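>>> Build me a model from this:
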Amino acid sequence: MTLSHLFDLSFQNRAASIAIEFQDRSFTFGDLDVRSNRLANLLLARGFMKGDRLCVYLANCVEIIDLYLACIKTGVIFVPINILYRDREITHILSDADPKALVTDAADIGTTIPVWTPGSMTAAASHGLPENRPVADLHGDSPAGIIYTSGTTGVSKGAVLTHNNLIANALNLITCWQITVADRLLLVLPLFHVHALGNGLHCWLISGCTMRLLERFEHQKAAAEFLNFRPTLFFGVPTVYVRLLNLADATAKQIGLGMRLFVSGSAPLPAQTHEDFRLKYGHTILERYGMSETLMNISNPYVGERRAGSVGLPLPGISVRLLDDQGVPVADGESGEVYLKGPNIFSGYWRRDEATKAAFVDGYFKTSDIATKSADGYYTLSGRRSDLIISGGFNIYPREIEEFLLELPGVIEVAVAALPDRVRGEVPVAYFVGSADAGELEAKCREKLASFKIPRAFHQLDKLPRNAMGKVQKHLLTTVR
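From the prediction side, this is the model:
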C-alpha cells in the first residue's frame, strides 16, 4: 500500500467535500485529485521518471500540495527547500539532491537546471493533459521525499522518507490524537518542514477533515483567523504559543471554546508557557517529540496527563532506549542519549552511506538528543548532545537553566549557550528577551542553582535568532556581545 491508497479515502469517498481553504479560494478533495493527476501527467510528459527528484522552493500555497501529490502518484521524489534559505543553502541542496527541475516563484535563483513557476506548471497541466491518475510501480518502501536537516551543526543532509514512514506516522497521530473527518485544521506552519508536511498534510488528507492553510503565521491576524475559521485542531511551535498569549483574555477564551486540541513541537515548550496557556485558553497543550529523520516518536497522551516539560510516552510501534556514552542503558531519572527504532524511522541519508551507517547502532537511530525517563514512562528532553556544556568537569544541561529563568518576572524568552573559557573549558552564558535586570537574574540564579550552573553573563536581546520552525540557533548567539 502507498500513500495514494490512503489519500483515496478522501479523494474518492469525499470528492465533493471542501478539502482546503487558502486565501480567497477553496477546493474539494475531488479538485485536488484532478489537479494533481494533471500535474503528474505533466511531469511524465517532461521526462520525469520514478526516482527522479523535484525540488520545490515556495511559501505555503495550494500548488505545493498539488506538486507533492503529483510526486506521490508518479514515484518522483519530492524535495522541499526552506523558503528562508538563500544562495549558499539552496546551492548545496540543489547540488546534493541533483534534481531534474526546480519549482519556484523566486526570480533570483541561479542554477543550470530547469526552473518552473508554479503558475506556469498549473497552466500547462490544465491544457489537454489527462485527468486520470498515471500508473506507477510503487510500494511502501518507495521513497516519497527527501527532507534536509537544518544544518545548524554541520552540512545539511537529506533524510529519505518512504511511503511507509509517512503512513506509519500519520496513522499513529490520527489514532492517538483522535483526528477525524469532523475536525477543522488551521495550518500555519511551513510545508517545507515535516511538522506541517508529515503531520498536518497527511493527517488532513487521510482523515478527510477540512483545512485552512495560511501562507505563514502572522500574530497580528491570528485572532481573526481563529474566530473566522473556528478550527478544532491546531499545530504550533513554542514561539507561536508565546505570541498567542498576547491576545486579550476574552478573545483567548472565545477561541478556546471551539478548540479540541492544541499540539506543540519542533522545539521545547517551556513549562511556564504550558501553564500560562492552560489558564488563558482553557486547554492543555499536547507536546510531542519528532525529528526530520523520524517524524513523530513520543507524545503526551490525548487522554491522560499532558505533563508540562515532558514529551510524553513512545507512540505505538516505536521503541526507545536511553544510553550513556558507553552504550549502557541508564536508570530512570538519569540522562541518556535517545535511540529510536520503529516504522517511522527514515531509510537513510541521501547519497551518504557513511553518515547513514554512523547514525544507526543495533538497528536503533542515534538521535544526539539527551533525555530522562520517569518511573511511569514519561520522557523529558534536556537538550542536544551538542548543546551539553562541560564546565570544569561538570555536565550542564542548558534547558534546566532556561526553564528556571523563564519562571522569573521580566523574562519572555531565553537561551543558554556555551562560551569558551581558558580555565573551565567552557561556561554557560544566558541570552534573554524581556525587561528583567541582568543583575537580578544573576542573584536569583545564585539563590537556586549550583555555582557551576550560574551563567557567567546575561545578555539582553531584542529577539533570539531562530530558524523557520522556531528553534533557537545557538551557534549564532555566541557572536552577540
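>>> So what's the residue count around the residue nearest to residue 375 when sequence neighbours are not counted?
Leaving aside its chain neighbours, residue 375 sits nearest to residue 332 (5.1 Å; criterion: CB to CB, 6 or more residues apart in numbering). Where C-beta positions appear, they are placed from N, C-alpha and C, glycine not excepted. Neighbourhood size, residue 332 [other CB atoms under 10 Å]: 11.
>>> Quick check: which element contains residue 332?
Residue 332 belongs to no helix or strand when elements are defined using DSSP states H and E.
>>> Quick check: chain neighbours aside, which residue is closest to residue 245?
Using CB to CB, 6+ apart, the nearest residue to residue 245 is residue 276, at 5.6 Å.
>>> Okay, and that neighbour sits in which element?
Per DSSP H and E: helix 271-281 holds residue 276.
>>> what does residue 21 give?
Assigned by DSSP H and E, residue 21 belongs to strand 18-22.
>>> Tabulate the CA atom coordinates of that strand in CSV.
Extracted in CSV, the C-alpha atoms of strand 18-22 (Å, rounded to 0.1, in the frame of the first residue of the first chain):
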residue,chain,number,x,y,z
ILE,A,18,-14.4,21.1,0.8
ALA,A,19,-10.9,20.0,1.5
ILE,A,20,-8.9,23.2,1.8
GLU,A,21,-9.3,26.9,2.1
PHE,A,22,-6.4,29.2,1.1
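>>> Mind listing the strands whichever helix or strand comes after it pairs with, and their directions?
Counting by DSSP H and E, the element after strand 18-22 in chain order, helix or strand, is strand 25-28. With DSSP bridges as the test, strand 25-28 is paired with strand 18-22 (antiparallel).
>>> Could you tell me the average pLDDT over the partner strand, please?
For strand 18-22, mean pLDDT rounds to 98.
>>> got the buried residues for that strand?
19-22 (16 or more other CB atoms under 10 Å).
>>> Looking at the residues you listed, point me to the pair that's furthest apart.
Spatial extent of those (CB to CB) is set by the pair 19 and 22 at 10.3 Å.
>>> Low-confidence stretches in this protein?
150-155, 392-395, 422-423, 468-469, 478-481 (pLDDT under 70).
>>> In contact with the one residue sitting closest to the centre of it, which residues are there?
Closest to where the C-alpha atoms of the chain average out (CA atoms, centre = their mean) is residue 195, at 3.2 Å. Contacts here follow CB atoms under 8 Å, 6 or more residues apart in numbering; on that basis residue 195 touches 189, 235, 237, 265-266, 290, 469.
>>> Backbone dihedrals for it, please?
The phi/psi pair for residue 195 (degrees, to the nearest 10) reads phi -60, psi -50.
>>> Also residue 30?
phi -60, psi -40.
>>> Could you find the closest non-adjacent residue to it?
Using CB to CB, 6+ apart, the nearest residue to residue 30 is residue 15, at 3.4 Å.
>>> name the element residue 476 belongs to?
Per DSSP H and E: residue 476 is located in helix 474-477.
>>> Go through that helix and flag the buried ones.
474, 477.
>>> by contact count, what packs against that helix?
strand 413-421 (3 or more CB pairs under 8 Å, 6 or more residues apart in numbering; DSSP states H and E).
>>> that older thread, give me the angle between the next helix or strand after the helix holding residue 276 and helix 271-281.
Heading C-terminal from helix 271-281, the first helix or strand you meet, by DSSP H and E, is strand 286-291. Strand 286-291 and helix 271-281 are oriented at 140 degrees to each other (axes from the mean of the first three to the mean of the last three CA atoms, to 10 degrees).
>>> Would you pull up how far strand 286-291 lies from the middle of the chain?
Averaging C-alpha positions (CA atoms, centre = their mean, to the nearest Å) puts strand 286-291 9 Å from its chain's average.
>>> now stretch 179-187
How far stretch 179-187 lies from its chain's middle: 18 Å, per CA atoms, centre = their mean.
>>> Report the buried residues of that stretch.
179, 183-187.
>>> Please apply the same query to stretch 274-284.
274, 277-278, 280-281, 283-284.
>>> Ok, stretch 11-31 next?
So stretch 11-31, judged by 16+ other CB under 10 Å, has buried residues 11, 14-15, 19-22, 27-31.
>>> try stretch 353-368
356, 359, 364-367.
>>> cool, and stretch 93-113?
93-94, 96-97, 99-105, 109.
>>> Helices - which of these land there?
Taking DSSP state H as the definition of helices, the buried residues of stretch 93-113 contribute 93-94, 96-97.
>>> Just name the closest of these to residue 70, please.
For those, the residue nearest residue 70 by CB to CB is residue 97; the value is 17.1 Å.
>>> can I assume that closest one is in contact with residue 146?
Yes - using CB atoms under 8 Å, residue 97 is in contact with residue 146, at 6.0 Å.
>>> which residues are in contact with both of those two?
Common neighbours of residue 97 and residue 146 (CB under 8 Å, 6+ apart) are 53, 79, 158, 350.
>>> Let's have these in JSON lines, adding secondary structure and neighbour count.
Below are these laid out as JSON lines (DSSP: H, G, I helix; E, B strand; the rest coil; neighbours: other CB atoms under 10 Å):
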{"residue": "53", "secondary structure": "strand", "neighbour count": "24"}
{"residue": "79", "secondary structure": "strand", "neighbour count": "25"}
{"residue": "158", "secondary structure": "strand", "neighbour count": "23"}
{"residue": "350", "secondary structure": "coil", "neighbour count": "22"}
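>>> of all those, which comes closest to residue 228?
residue 79 (33.8 Å).
>>> what residues does the strand holding residue 21 touch?
10, 26-29, 31-32, 60-62, 65, 204-205, 210-213, 229.
>>> The same query, at a cut-off of 10 Å, please.
For strand 18-22, the surrounding residues in contact (CB atoms under 10 Å, 6 or more residues apart in numbering) are 10-11, 26-33, 60-63, 65, 184-187, 201, 204-205, 208-215, 228-229.
>>> Relative to residue 424, which of the buried residues of stretch 274-284 is nearest.
Ranked by distance to residue 424 (CB to CB), the buried residues of stretch 274-284 are led by residue 274 at 33.0 Å.
>>> now that closest one: how far from residue 45?
To residue 45, residue 274 is 51 Å away according to CB to CB, to the nearest Å.
>>> Next, count neighbours for residue 322.
By other CB under 10 Å, 20 other residues sit near residue 322.
>>> by how many degrees do the host helix or strand of it and strand 286-291 diverge?
Element membership of residue 322 [criterion: DSSP H and E] is strand 319-323. Inter-element angle recorded for strand 319-323 and strand 286-291: 80 degrees (by the same axes, to 10 degrees).
>>> quick one: secondary structure of residue 296?
strand (DSSP: H, G, I helix; E, B strand; the rest coil).
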